[in-house]
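Asker: Structure for this input, please:
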Amino acid sequence: MSEQLKFIVEELNKAPFSCSYNLISFDNLQPLLLIQALNDVFAEVDGKAKYDIREENPDQLVVRMINFLRVLRYNPQIDAMAFRQGLIAGEKHIIYPILHWLLLKMIDHKKRAYLARYLVKLDVPREHLGDDAMQETHNQYDVLVEQFTELHKESERLKNTPCSTAEIRKDIEQMEEEKEMLNKRTERLKKKVEGVTGHERMLDIAKKLRIEKERENKISSQKMEQRTHLMHAEAKYQRLLTQSKDLKMNTVGSTPEGLLEKLSKDVKVNGYLVTEKLPKEIEVKKRAINDLQKVANEPAFSNNDLEEVHRRIRGINNEINALVEKRMLSGDPIDDKLTLFRQQASMIAKKKDNKADVLNDLRQQLADKEADVKEKRNQASDLGEYAAVRELDFKEYVRKLRGKSTLYKSKKASLGELVAEVGVLARTEEILKQRFEHVKGQLDQLESRHGVSGFHDTQEEIEKVSAMKADLDERKGDTLEQISRMVKELNRAISLKKEVLKPLITELRPLRETFLPFERDFDSSKKEYETVLSGLEANRSKVEQEVEFFERSWPMRSRDIII
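Answerer: Reported below is the predicted structural model:
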């Protein structure tokens, strides 16, 4: 919170707010001044939101602020009713996050507020669209909104396109040079065609050709524009067709009597709101305003005046209590019945008022949700890559989800039954173990009494050993069977290999007989080679020794020759 407050104070002290707050002074602002600071930030985001909250009705103020925050897509982290009450009261934990959110991305919020003036479509009741003039005006309004969207996208694209002044000047100079070159070229061509017969007619034909080409290009651009309008119209048609299908699906099973009954209920509810509830609320508000005006017009109260007012209030309360006691002591049965009926009527009226308040809140929430759904559908239709979930598909999804929920509940109940059965079986096992221990203790006592202590344990050990022996014998038998089976398989494989190698061996025998003389000749030649090689090695070593001797004795002999 401290970092948030510090950021808010720093931003408010900068231009264009140019306030002179510090952390302590801003944190000690009165609720009215805090709401005024929030309204000043609203005015900076959107110039039309500039108001003096002292001259504005509190209910209108909070409705205006909530609608403005809804346009900017601010999502409060608390309940809507608590948020509304906190905004009216100017509570810090409500206003500080709003200020931080607004000041953090001021440029984006300004852009969103600007676009909201033209892109947030007016909610025209459907019964008014039955008029042809109203329908035509609404269609023109939709077309203008789409044109504004396209123009804004083009403007943003041009703003984001990098283009400097130097580049523009360079382009202009280049275009001037090209213009001079074209003028010179035109002059040369004129001089060339002046001597050609009929050149005036040819120039006229060329001019007409150029005009027709320009017209062709213009028609092509108009054709592309008409195709774009056609695509938008088709998208709008598909959207209206989807809405029509949804309306038809919603009216499936409805009867004229049911619709009339529903309309009559709505008329009764609206009539009650218009004729009874709203006039009462207006009267209460007027009384409160009159009381506040009287209080504001009266001079300041001193302590003595306050004590006098308190004394008068206590006196009036005492008189009221005395009248109530007197009425209760009178004991008139008719008054008692009327009192009971009055209490019941008062309770019913309060319940009726509460239900009306709840109905108004639900209607407001429904209108907000319908506006959000309409906006999302428009965005989805503009993107063209996302198909919004239709109500029929959503109902099908809910039906499947309910089926899965029912299956889950049944499986959960079966699991609970199995868990309970496991508990019962565990308890049964525990009881049987206790009985077994008891019976075993009695058996040990009987064995000790008859002098054969440990007989039961010995018998159990013998049975265990016999069971282990039977198991071991079974394993031995299985092992012997596996070994015999493996031996048979090996013998079979060896026999198969012998059958495969038998013709090869038959072919190999005459080849061995043919190979033997060659092998003997090779051995004899190898022996002769080794003998010659050994003699050559001996001669080579002898020659190397003589060469080494001559190399050592050569220096001495060369000195003798020189001398």
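Asker: Quick check: phi and psi on Glu91?
Answerer: Dihedral pair for Glu91: phi -70, psi 140, per degrees, to the nearest 10.
Asker: now it, nearest residue through space, not along the chain?
Answerer: Pro31 (7.3 Å; Cβ to Cβ, 6 or more residues apart in numbering). No exception for glycine: its C-beta is placed from N, CA and C like everyone else's.
Asker: which residues touch the closest residue to Leu102 other than its chain neighbours?
Answerer: Nearest non-adjacent residue to Leu102, counting by Cβ to Cβ, 6+ apart: Val41, 5.2 Å away. Contact partners of Val41, counting by Cβ atoms under 8 Å, 6 or more residues apart in numbering, are Phe17, Leu99, Leu102, Leu103.
Asker: and with 7 Å instead?
Answerer: Leu99, Leu102, Leu103 (Cβ atoms under 7 Å, 6 or more residues apart in numbering).
Asker: still on that earlier bit, please look at the residue nearest to Glu91 and Gly86 and confirm they touch.
Answerer: No. Between Pro31 and Gly86 there is no contact under Cβ atoms under 7 Å: 10.0 Å.
Asker: If you count surrounding residues, which of these two has more?
Answerer: A count of neighbours by other Cβ atoms under 10 Å puts Gly86 above the other of Pro31 and Gly86, at 17 against 13.
Asker: ok, that one to Asp471 distance?
Answerer: When distance is defined by Cβ to Cβ, to the nearest Å, Gly86 is 79 Å away from Asp471.
Asker: Count the neighbours of Met98 for me.
Answerer: Slight slip there: residue 98 is Ile, not Met. There are 20 residues near Ile98, going by other Cβ under 10 Å.
Asker: mind checking the backbone torsions on Phe148?
Answerer: Phi and psi for Phe148, reported as degrees, to the nearest 10, are phi -60, psi -40.
Asker: Just list the residues touching it, thanks.
Answerer: By Cβ under 7 Å, 6+ apart, the contact list for Phe148 reads Tyr118.
Asker: where does the stretch 351-500 of the chain have low pLDDT?
Answerer: Applying pLDDT under 70 to the stretch 351-500 of the chain flags the ranges 380-393, 452, 454-456.
Asker: what are the ranges of the helices in it?
Answerer: 391-449, 455-562 (DSSP state H, counting those that start in this stretch).
Asker: now for the first one, which elements pack on it?
Answerer: Packed against helix 391-449 by the contact rule (3 or more Cβ pairs under 7 Å, 6 or more residues apart in numbering; DSSP states H and E) you find helix 199-250, helix 455-562.
Asker: any idea of the mean pLDDT for the first one?
Answerer: On average, the pLDDT along helix 199-250 is 83.
Asker: Then stretch 88-104?
Answerer: What stretch 88-104 shows for mean pLDDT is 86.
Asker: Of all the residues in it, which ones are buried?
Answerer: Using 16 or more other Cβ atoms under 10 Å as the test for burial, stretch 88-104 gives Ile88, Gly90, Ile94, Ile95, Tyr96, Pro97, Ile98, Leu99, His100, Trp101, Leu102, Leu103.
Asker: what does stretch 541-558 give?
Answerer: In stretch 541-558, counting by 16+ other Cβ under 10 Å, buried: nothing.
Asker: Dump that stretch to CSV, restricted to CA.
Answerer: This file holds the C-alpha atoms of stretch 541-558, laid out as CSV (Å, rounded to 0.1, in the frame of the first residue of the first chain):
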residue,chain,number,x,y,z
SER,A,541,73.9,-57.5,-40.5
LYS,A,542,77.5,-58.4,-41.5
VAL,A,543,77.6,-55.6,-44.1
GLU,A,544,76.1,-53.1,-41.6
GLN,A,545,78.9,-54.1,-39.1
GLU,A,546,81.6,-53.5,-41.8
VAL,A,547,80.1,-50.2,-42.8
GLU,A,548,80.0,-49.1,-39.2
PHE,A,549,83.6,-50.2,-38.8
PHE,A,550,84.7,-48.2,-41.9
GLU,A,551,82.8,-45.1,-40.6
ARG,A,552,84.6,-45.2,-37.3
SER,A,553,88.0,-45.8,-38.9
TRP,A,554,87.6,-43.3,-41.7
PRO,A,555,88.6,-40.1,-39.8
MET,A,556,91.9,-41.7,-38.6
ARG,A,557,92.7,-42.9,-42.1
SER,A,558,91.9,-39.5,-43.6
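Asker: Please identify which helix or strand holds the residue nearest to Glu56 when sequence neighbours are not counted.
Answerer: Nearest residue to Glu56 in three dimensions, chain neighbours excluded: Arg64, at 7.9 Å (Cβ to Cβ, 6+ apart). Using DSSP states H and E, Arg64 maps to helix 58-71.
Asker: can you list the residues that contact that helix?
Answerer: With contact meaning Cβ under 7 Å, 6+ apart, helix 58-71 is reached by Phe42, Ala49, Ile53, Arg84, Leu87, Ile88, Ile98, Ala113, Ala116, Val120.
Asker: Which of these has the largest number of neighbours?
Answerer: Highest neighbour count within those: Phe42, with 23 neighbours (other Cβ under 10 Å).
Asker: Got the confidence number for that residue?
Answerer: pLDDT recorded at Phe42 is 86.
Asker: Please state the offset of stretch 439-455 from the chain centre?
Answerer: Chain-centre distance of stretch 439-455: 75 Å, with Cα atoms, centre = their mean, to the nearest Å.
Asker: Repeat that for stretch 200-217.
Answerer: Its chain's average C-alpha position is 59 Å from that of stretch 200-217, according to Cα atoms, centre = their mean.
Asker: And the pLDDT at Ile168?
Answerer: Looking at Ile168, its pLDDT is 77.
Asker: Let's verify it: helix, strand, or coil?
Answerer: Put simply, Ile168 is helix when judged by DSSP: H, G, I helix; E, B strand; the rest coil.
Asker: Neighbours of it, how many?
Answerer: As a burial measure, Ile168 scores 10 neighbours (other Cβ under 10 Å).
Asker: Check Glu173 too.
Answerer: Counted with other Cβ under 10 Å, Glu173 comes out at 10.
Asker: Quick one: list the elements packing against the helix or strand harbouring it.
Answerer: Using DSSP H and E, Glu173 maps to helix 165-193. Judged by 3+ Cβ pairs under 7 Å, 6+ apart, helix 165-193 has no packing partners among the helices and strands.
Asker: same thing but 10 Å
Answerer: Contacts defined by 3 or more Cβ pairs under 10 Å, 6 or more residues apart in numbering; DSSP states H and E place helix 165-193 against helix 199-250.
Asker: gap between stretch 241-259 and the chain center?
Answerer: Using Cα atoms, centre = their mean, the mean C-alpha position of stretch 241-259 is found 32 Å from that of the whole chain.
Asker: just to revisit the earlier point, so can I have JSON lines of the helices and strands packed on helix 391-449 showing distance to Pro125?
Answerer: JSON lines is the format used below for these (distance: least, Cβ to Cβ, whole Å):
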{"stretch": "helix 199-250", "distance to Pro125": "15"}
{"stretch": "helix 455-562", "distance to Pro125": "88"}
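Asker: Which one, of these, ends up nearest to Leu189?
Answerer: Nearest of those to Leu189, taken as Cβ to Cβ: helix 199-250 at 10.1 Å.
Asker: What count of nearby residues applies to Met486?
Answerer: Other residues near Met486 come to 10 when the count uses other Cβ under 10 Å.
Asker: confidence score at Ile561?
Answerer: Reported pLDDT for Ile561: 66.
Asker: ok, the contacts of Val41 vs Asp204, which is closest?
Answerer: For the contacts of Val41, the residue nearest Asp204 by Cβ to Cβ is Leu102; the value is 66.9 Å.
Asker: Save the helices of the stretch 351-500 of the chain as a markdown table, and put in distance to Glu154 too.
Answerer: Formatted as a markdown table, the helices of the stretch 351-500 of the chain follow (distance: least, Cβ to Cβ, whole Å):
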| stretch | distance to Glu154 |
| --- | --- |
| helix 391-449 | 36 |
| helix 455-562 | 84 |
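Asker: Which one, of these, ends up nearest to Leu247?
Answerer: helix 391-449 (9.8 Å).
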